[in-house]
Structures are given as C-alpha cells and as structure tokens.
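Colleague: sharing a sequence plus its predicted fold:
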Amino acid sequence: MGQGLSRFQVSFMFVACALVVSNLYYNQPLLGILAREFAVSEKSVALVPAFTLIGYAIGILLLVPLGDMLNRRRLLQASMTVAGLLALSLSFSPNILTLCALSFVMGFFNVSATILISFSANLARPEERGRIVGIVTSGILIGSLMARTLAGFVAENFGWKMVFVFAGSVNLLLAVITQWALPSAESHFRGTYKALLSSTWDLVKNHATVREAALMGAILFGSFSAFWTTLTFLLEGEPFRYTPQTIGLFGALGMIGALAAPLAGRYADKKGPAATIRLGLYCAMAAFALLALSSTAVIGVILGVLLLDLGIQVAHISNQTRMFEVSSEARSRLSSIYIFSYFVGGALGSYIGSWLWSLGRWPAVSLGGLAFCLGATLLFQRGQKRRATSLELA
C-alpha cells in the first residue's frame, strides 16, 4: 500500500515530469529553422522528432522496468544526468545525420518522466492514486506543449542551439534536487535483468486490458503527434506566415486542455475509467473534424487545439490508470509497456503526419487524425463488449 505523498512531492514530480519530457519536443517547433540550417527538405527534417521518440520508446522498454528492481531515486538521477549531457551535445551537431543520431541516444536515456509516473503510483494511497497519477502524468502533455512555446521563444531571441543548452542544464539541476525532494524507495523484484524483461512480456501476454490500453495509447498519441508535427508547417505558410515564437504560443493554448488531467483522475477514482475514456475519444474526434475545415481559419485551429488536447489528455489518464490496477508490484513494468506503445505511436504519428502533409496538406493530416481516433474508439468498444460478456459468464 502506498505511504502517501506530500503536496510538495506531488508538485515536484509534476514539474520534473514536464521539464524532462520537454527534451523530446524542443525540436518540433524548430523544424523549419533546422531544415534551413542544414539545407534539407521538410520530409527529411521530420526524421529528427521521429528518431527522438523512437529512442525514447526503446529506452522505456529497456530501462524503465529497472524501477521494479533498483532504487527508483538513483535510477531517476542517473537518467536525468545522462540525458542532460546528451541534450547539451545536440547544440554541437554539424549536420542533420549527427542531430538525428544524438537525438536518438538522448531520447533513449530521457526516461525519467516515465519512472516518475510509476513511482507516484506506488507511493500514492489507493483512494487518491488516480488523482495523483493524473497530476504527475499531466506533466507529459504540459511538457510537450510547453516545450514548443519555450523553444520558439528561445530560438527566435537566442538561436536554436541555446534551446538545447537550456534543456541540458535543467536536467542536470533536477538530478541534484531529486536527492532531497523524493524518498529513497527500494523495489521488490528479486531476479535477473533478463527475468525482469521476460516478466514484462508476460504481462502483455496474460492480460487483455494491458494489450488494449497500450494499443489505444499508441493510436491516440499517434494522432496527437501527427497534428503537432505538421502544425508548424501550416502556420509557417500562407495565409498565416507566423514566426517560431508565435507558433510556440499555440502550445500554451494546449496546456489549458492538459489542466483537465487531475479532474479526470479524480473522476476515474470515483466512477471508473470507462466514461472518462469515452468522453476523451469523442472530444478528440470532434477536434479533428473541426481542424479539417480550418486550413485558413485561425479561430478554428485555436478551438481545435483546445478540444484535441482536452480529449487526448482525459482519455490518456484514465487509460493508463486502469493499467496500474493490474499489478501493484509491477507498476514500473506496466508503465514501460504503456508508454513504450504510446511513444512508438507518437514516432509513427510524426512521420505519418509529415507523409499526409506531403500528400494533401492540412485536410489530409486532420482526416488522418480523425481516422486514428475512430480506430481507438472501435477498439475500446470492442473491449467493453468483451468485459461485459466475461461478467455475464462469471
């Protein structure tokens, strides 16, 4: 049973989660700048966020399960330190290939946000777990959006290299603060690293809820990444022609939707996750339908951003919370399964979004996102029917 967390500890976990996950997204509002800096096409420069998220997904799969085996605080500090040094190195990239390679390795070690989520689930008391996981997890979405706003401002005023200098410095500072802000929590798994990874796969094989939630997370974050990767291209072109700093402000709009996370977690604690997930899915589909009609209307884009981020965040929180109920002693492994799938979907979504942009510009991206969300809705409804049938048979 969780020992409980103070308000300060919850707040620190939320802030740390937002700041470290930002490392994965600082490059997205810089894509236009990077394409000109390295003289490459829009399609080629889109590989930078794709490689970053693929590296992160692999790190989640191979490093995050160690949270069930090692001291979680030390694991957090190691991840923050190595990722911080690699983020600093991005500012020295001489070409696009080096930038892609370093982004991949930085993403691999930048897993502390995922460790924080499972850490918070373990420390929280059962009656408040959904709310606290919702607060900490909201750092992922807020960090991804804040990164766009901050990167746009820093790049316009100080140059793109200073974005990565700032990112690395913040990570190193967090590694120091973690030493006294969080408890030193030992884990319960006793076995080899190979056995740890094998047991992670067993969770996937043996639990239909784990498989369904992981696939839904991948689909939803794929649609989210497709949108945010190509939004830069839309707003840089006609009729908008916005600067990187102005484009970054759209990320600030999305933070409003992310504020729904604690409310979603609290509601899931009381009523269960199904109704919350359904609401989130419907909001996301409505957002993409609106965005498909808003290629030249900034008010439609603004409303779409608000509605999309609200829907994705609400569905994501409840979707992940139901996974943590599968096993109290395997939450790091469950978190690694979910976030691995989530960010593989994000990496594929970034690339698919760029591909759809090349085929049909903004309408193609928006309709593709709508199709993603419709697929997630059908998957969830199928799971609901399966669970209802199991209860009837029982």
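Modeller: Received the coordinates, thanks. Quick caveat, the model's predicted, so the values are computed rather than measured.

Colleague: hmm, residue 380 and residue 278 touching each other?
Modeller: Yes: with contact defined as CB atoms under 8 Å, residue 278 counts as touching residue 380 (7.2 Å). No exception for glycine: its C-beta is placed from N, CA and C like everyone else's.

Colleague: if you count what's nearby, which of these two comes out ahead?
Modeller: Neighbour totals were compared for residue 278 and residue 380, and residue 380 leads with 22 against 17 (other CB atoms under 10 Å).

Colleague: tell me which stretches of this structure form strands.
Modeller: For the chain, applying DSSP state E gives no strands.

Colleague: residue 374 is in contact with residue 285, isn't it?
Modeller: Yes: counting by CB under 8 Å, residue 285 is a contact partner of residue 374 at 6.4 Å.

Colleague: looking at the two now, which is surrounded by more residues?
Modeller: residue 285 (22 against 16).

Colleague: please name the nearest non-neighbouring residue to the more buried one.
Modeller: In space, and not counting its chain neighbours, residue 285 is closest to residue 373: 4.6 Å by CB to CB, 6 or more residues apart in numbering.

Colleague: ok, how many other residues are close to the one you found?
Modeller: Using other CB under 10 Å, residue 373 has 28 neighbouring residues.

Colleague: what residues are up against it?
Modeller: Contacts here follow CB atoms under 8 Å, 6 or more residues apart in numbering; on that basis residue 373 touches 219-220, 223, 281, 284-285, 288, 311.

Colleague: below-threshold pLDDT in the protein: ranges please.
Modeller: 1-3, 257-269, 271-272, 391-394 (pLDDT under 70).

Colleague: which helix runs longest in it?
Modeller: The helix spanning the most residues in the chain, taking DSSP state H as the definition, is helix 331-393.

Colleague: need the contact list for the nearest residue in space to residue 249 that is not next to it in sequence.
Modeller: Spatial nearest neighbour of residue 249, excluding adjacent residues (CB to CB, 6+ apart): residue 149 at 6.0 Å. Residues near residue 149 by CB under 8 Å, 6+ apart: 248-252.

Colleague: still on that earlier bit, from the contacts of residue 373, which single one is nearest residue 158?
Modeller: residue 223 (32.6 Å; CB to CB).

Colleague: the closest one against residue 365, yeah?
Modeller: No: using CB under 8 Å, residue 223 makes no contact with residue 365, being 9.6 Å away.

Colleague: residue 229: neighbour count?
Modeller: Other residues close to residue 229 by other CB under 10 Å number 24.

Colleague: so it makes contact with residue 347?
Modeller: No: assessed by CB under 8 Å, residue 229 is found out of contact with residue 347, at 10.2 Å.

Colleague: joint contacts of these two?
Modeller: By CB under 8 Å, 6+ apart, the residues touching both residue 229 and residue 347 are residue 49.

Colleague: quick one, what contacts the most centrally placed residue in the chain?
Modeller: Closest residue to the average C-alpha location of the chain: residue 140 at 4.9 Å, with CA atoms, centre = their mean. Applying CB under 8 Å, 6+ apart, we find residue 140 in contact with 17-18, 21, 113, 117.

Colleague: any idea how far it lies from residue 14?
Modeller: According to CB to CB, to the nearest Å, residue 140 and residue 14 sit 10 Å apart.

Colleague: ditto for residue 371
Modeller: With CB to CB as the criterion, residue 371 and residue 14 are 33 Å apart.

Colleague: what about those two, which has more around it?
Modeller: residue 14 (23 against 14).

Colleague: thanks a lot, catch you later.
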